[in-house]
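> could you look at this predicted model? Sequence included:
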Amino acid sequence: MTQHPRLMSPLKLRDHTLRNRIVFGAHTANMSDQGIPGPRFGKYLLERALGGAAMIVAEPVPVHRTGVLTRGNFLHADDAVIPAFRTITDEVKDAGAVILQQLYHIGAHGDADLSFAPHWSPSGGPSYHDSDGSHAMTGAEVEELLEAHVAAAVRAKAAGFQGVEVWAAYHSLLDQFWTPWSNQRTDKWGGSLENRTRFSRELIERVRRACGDGFIVGLAISYSPAYEVTLQAEALCEIVALHDRTGHVDYVTVGSGSYLDFEAIIPPFTHAEKLTTPLTQQLKSVLTHAVVTSEAGVRTPENGEAIIASGLADLVSIVRGQIADPHLARKVAEGRPQDIRGCISCNQMCWGRRSRDYWISCLINPSAGREFEWGGDRFTPTAKPQDVLVVGAGPAGLEAARVAAERGHRVEVVEASSMVGGQFRLAGMQPRRGQILDLLDWYERQFDRLGVVLRLNTFLEAEEVAAHPAGVVVVATGSLPDESGFQRWVPAEARLPGIETGGVWSPEAVLRREARLGDAVVVYDEGGNWRGVGTAWALAEQGKQVTVVTPDPFVGKEIARTAADGPARRRMGALGVRMLAEHRLVRWHGNGVTVRSFLTGEDEVIPASALVMATTNRAFDPLPETIPGKALHRIGDCSAPRLAAYAFHEGRKLGLAL
C-alpha cells in the first residue's frame, strides 16, 4: 500500500529487526518528575511507537552529576529510574518498536544553575551554554566518567532498553576529546588521533563487554562546518571509521550544528532540509559494519524515501515530524501520506519551551506532552453526536472543528473570508514560511475526509447564529489590529501622536497587499515575534528600504527561544534593513517618524513613506455573551489575542470536551 517502499523496508540491528527505517531520535523532552520518568514521558514515547516508528531513542540521561543540563533531566547514577523506565520500555516494545536510551555528558558546555557542579572537560575552556569556564579533568576523573557511562548503560539494560546511543554530537564531551582545539592534553587522552579517540573507544568497548553481544550500541555525531576549529567532514569520517573497525558500533546517527553553531542543531524553517546528507554519504563509503542514520531537517516521508533510495543513509531520524504527527510512520505504511500533519519547523513549542526549561509540546499538535491526559491522536467517539457550528476558520476554529468531527460530531464551519487560516495564513505568506500554507491545505483535506461542511465568504450576524439548527456554537472569530497606535511601553499615551495623518498600517494589511507603502517603511515591532520580524523581512525582500524599531534590546527577542532570530537578522541585514533597538515612537509625521532612545532620551527623525505597527491586537467577538438555546464556547484570539499555539491548544481541548 505504501508509496515509500524503501522507507518502509525492514532493517536488522544485532538481534532486533526494525519494521521500517524511521527513527524517533533522541531529544530532551524535559518531562521527568523529580528525575523519575512518569506518565507524561511514557505515553509521549508510546504514542510514537503506536504510530509506527521503528526505533525510539529515549531522551538522553546524564551519566554523571557534572553532566546535568536541564531541570527535567532523569536522575543520574540512581537505580530508582529502573522500574519507572521498565514500565515505559515494556509498553513501547509491545507496540512493536525497538527502544534505546541515549547516554550523554556535555563536557565543558554545562549549566551551573542546574548542575551546581563544575563542568568537567578534557582541557578546561569555556562553556558555550552558559558563561562559566570548565574544569580540566584529572586522569582519575577521566576514569570516573568512563565508569559512569558504563554504569548508565547497565542501568538502561536493566530498565528494558535494547541498546544505548553514545552521545558524541554537538561538541559534547566525546567530541571535545576528539577535537584538537578543545583537547590539549599531553597524557594518553590527548595529542594523536589514537589518544584523542581513546576515551570513546574505551567507553564503547566497556559498554559492549558489560551489556553483551545482543545489545545495540549507537554513536551520535554531528556535522558543524560553521567554525574551522570544529571537526570537518574528513576528520569525522576518519574518527568514525576508527570506531567502526572495532565492530562494536551498530549505527551512527548524524545531526547538525553544535554548541558553537546552535541554531543548526534544531534547524528552524530558515534552514534548508536534509542538512546532514553530505556527511552521511561520505560515511557510507568508509564504514563496513555500522549503518548510518541521517537526521536534522528530515521533515517528511518524501525526504526520508529520497535519502534511503539514493543510498545517502540507511535510516532517517524524524523527530519534529513525529512530534507534529505521532502516527507519521503508520500513515506512510498505509499509503496515506496526505493525511500526515506536517511539521512547520517553527520550533516554538518544542525547542521554544525546552529553551525555557519547560517540557516540550508542539504548536500544531498540542497533545504532544499531554498524551497521558488527552489520548494522543487517537480519538474516543462521542456517545452523543451533536450539531456543532464553528464561527471562524483560524487555528482555533480549524482544530476545534477537526477534533469534534473526528469524535463523530456533525460540524459546520463558517468563515467570513474567502480562505481558511485567518492571520495564520498571512504568516504563511512571509519568507520561507510556506509550510504553514501546507498545513492549512491539510485541514481542508481532513474536512473532506470527515464530512465537515465548510462555508467561506460567510459572515453570520447574531440573528443568523440564533436561527442555526446547531445546539453548540464555537466562537473563534479571532482578533483585529489595534488602530490607535498605542505602545505598551508608553502607557500614558492612548494614541500615537500623528496617526490621524494616515499612512499607518498593520502587518495584516501589508501581507494582504492592501497597504500603500511607498519605498521607505518603518516597522515598529513591539512583540519581538514573526508578526513584526517576518513582515519586515518580507518588505525587504520586495526591495523596500526598511527600518525596524523595537523597544526590545534586540530585534526578534521573542523568537530567540526558537533559534531563528539570528538567521532572520542576518538575512535582513544582508537586505539592508536598519535595526534600531531600545527605541519608542514619539510622533508620526506622515512622511517620517520621530523615535526616542530609551537609553539616552535622544530623538531621531527617520524619513518614511509608511509606518507599520506590529503591536498587540484587540479581540474581535461580534456575538452576544449568550444566545438562548445555544451552548456557546469562545476560543482563541476572540477571547484574548495570543500566539497561534494557544489557539490550536484551545481548539484541541474544546474538541475533546464536546
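Looks like it came in fine.
> so Asp637 sits against Thr616, correct?
No: using CB atoms under 8 Å, Asp637 makes no contact with Thr616, being 10.7 Å away. All C-beta atoms are positioned from the backbone trio N, CA, C, and that covers glycine.
> which one's more surrounded, these two?
Asp637 (29 against 16; other CB atoms under 10 Å).
> without its sequence neighbours, what residue ends up closest to that one?
Nearest non-adjacent residue to Asp637, counting by CB to CB, 6 or more residues apart in numbering: Ser479, 3.7 Å away.
> Arg512 too?
For Arg512, ignoring the flanking residues on the chain, the nearest one in space by CB to CB, 6+ apart is Leu426 at 6.7 Å.
> any stretches of this protein with poor pLDDT?
Within the chain, no range satisfies pLDDT under 70.
> remind me, longest helix of it?
Counting residues, the longest helix found in the chain (DSSP state H) is helix 139-158.
> so how far is it from its chain's centroid?
Helix 139-158 has its average C-alpha position 31 Å from the chain's average C-alpha position, going by CA atoms, centre = their mean, to the nearest Å.
> next up, phi/psi of the closest residue to Asp357 other than its chain neighbours, please.
Sequence neighbours aside, Arg71 is the residue nearest to Asp357 in space, at 4.8 Å (criterion: CB to CB, 6+ apart). Main-chain dihedrals, Arg71, degrees, to the nearest 10: phi -60, psi -30.
> hang on, isn't Arg71 packed against Leu114?
Yes: at 6.1 Å, Arg71 counts as touching Leu114 under the criterion of CB under 8 Å.
> give me the common contacts of these two.
Asp357 (CB atoms under 8 Å, 6 or more residues apart in numbering).
> quick check: bridge partners of Ile216?
With DSSP bridges as the criterion, Ile216 is bridged to Gly163.
> what about it, neighbour count?
Ile216 - counted by other CB under 10 Å - has 22 other residues nearby.
> just the one 3 residues further on next, same as before
Leu219 sits with 24 neighbouring residues when counted by other CB under 10 Å.
> can you classify it by secondary structure?
Under DSSP: H, G, I helix; E, B strand; the rest coil, the three-state class of Leu219 is strand.
> domain-wise, how is this protein divided?
11-374, 387-480+620-657, 499-616 (automatic domain parsing).
> for those, give me JSON lines that also has distance to Trp489.
Shown next, in JSON lines, are the domains of the chain (distance: least, CB to CB, whole Å):
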{"stretch": "domain 11-374", "distance to Trp489": "22"}
{"stretch": "domain 387-480+620-657", "distance to Trp489": "17"}
{"stretch": "domain 499-616", "distance to Trp489": "5"}
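> and of the ones you listed, who's closest to Pro491?
domain 499-616 (11.1 Å; CB to CB).
> for the residue nearest the centre of the chain, grab phi and psi.
By CA atoms, centre = their mean, the chain has its centre lying nearest to Asn347, at 3.1 Å. Main-chain torsions, Asn347, degrees, to the nearest 10: phi 70, psi 10.
> got the contact list for it?
Here Asn347 is in contact with Ile266, Pro268, Arg320, Arg561, Thr562, Ala563, Ala564 (CB under 8 Å, 6+ apart).
> how close does it sit to Ile266?
6 Å (CB to CB, to the nearest Å).
> between the two, which contacts overlap?
Arg320, Ala563.
> and stretch 88-99, how far from the chain's centre?
24 Å.
> so what's Arg65 up against?
With the criterion set at CB under 8 Å, 6+ apart, Arg65 makes contact with His76, Ala77, Ser115, Ala117.
> what's the closest non-adjacent residue to the first one?
The one in question is His76. Pro62 (4.6 Å).
> my guess is that neighbour meets Leu69, correct?
Yes: with contacts counted by CB under 8 Å, Pro62 reaches Leu69, the gap being 6.7 Å.
> looking at these two, which is more packed in?
Pro62 (24 against 21).
> any idea how far Leu75 is from the more buried one?
To Leu75, Pro62 is 9 Å away according to CB to CB.
> please apply the same query to Arg652.
When Arg652 is compared with Leu75 (using CB to CB), they lie 32 Å apart.
> comparing those two, which residue is more hemmed in?
More neighbours surround Arg652 than the other of Arg652 and Leu75, with 23 against 18 (other CB under 10 Å).
> and the more buried one, helix, strand or coil?
helix.
> can you pull the contacts of the nearest residue to it once chain neighbours are set aside?
Counting by CB to CB, 6+ apart, Pro366 is the residue found nearest to Arg652 once chain neighbours are left out, at 4.7 Å. Residues near Pro366 by CB under 8 Å, 6+ apart: Met349, Glu399, Ala645, Phe648, His649, Arg652, Lys653.
> distance from the helix or strand hosting Ala536 to the middle of the chain?
Using DSSP states H and E, Ala536 sits within helix 530-541. A distance of 21 Å separates the centroid of the chain from that of helix 530-541, by CA atoms, centre = their mean.
> who's in contact with that helix?
Against helix 530-541 from outside (CB under 8 Å, 6+ apart): 427, 429-431, 433, 507, 510-511, 517, 521, 523-526, 546, 548, 550, 555-556, 559, 565, 568, 571-572, 575-577, 612, 614.
> just stretch 222-241 next, same as before
So stretch 222-241 is contacted by 169-171, 175, 178-179, 181-182, 193, 197, 219, 221, 252, 254-258, 260-261, 264-265, 275-276, 278-279, 282-283, 286-287, 290, 296 (CB under 8 Å, 6+ apart).
> and if you look at stretch 451-464?
Residues outside stretch 451-464 that contact it (CB under 8 Å, 6+ apart) are 391, 393, 401-402, 405, 410-420, 444, 446-447, 468, 622-624, 627.
> what of stretch 322-332?
Here stretch 322-332 makes contact (CB under 8 Å, 6+ apart) with 2-4, 7-8, 20, 22, 24, 47-48, 50-54, 301, 318, 321, 337, 339-344, 350, 360, 362, 364-365, 368, 371, 376-377.
> buried subset of those residues, written for ChimeraX?
Here is the ChimeraX selection string for the buried members of those, based on 16 or more other CB atoms under 10 Å:
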select :2,4,7,8,20,22,24,47,48,50,51,52,53,54,301,318,321,337,339,340,341,342,343,344,350,360,362,364,365,368,371,376,377
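> out of the contacts of stretch 322-332, list just those in strands.
Ile22, Phe24 (DSSP state E).
> contacts only, for Glu558.
Glu558 touches Gly527, Gly528, Asn529, Asp552, counting by CB under 8 Å, 6+ apart.
> okay, the residue lying closest to Asp175 once chain neighbours are set aside and Arg201: tell me how far apart.
Using CB to CB, 6+ apart and skipping residues adjacent in sequence, the residue nearest Asp175 is Ala168, 5.1 Å away. Remark: distance between Ala168 and Arg201 (CB to CB) = 11 Å.
> more neighbours: which of the two?
Ala168 (29 against 17).
> surely the more buried one and Trp178 touch.
Yes: using CB under 8 Å, Ala168 is in contact with Trp178, at 7.1 Å.
> for those two, list the residues in contact with both.
Ser200.
> how far does stretch 354-373 stretch from one end to the other?
Taking CA to CA, to the nearest Å, stretch 354-373 runs 20 Å from one end to the other.
> just how off-centre is it within its chain?
10 Å.
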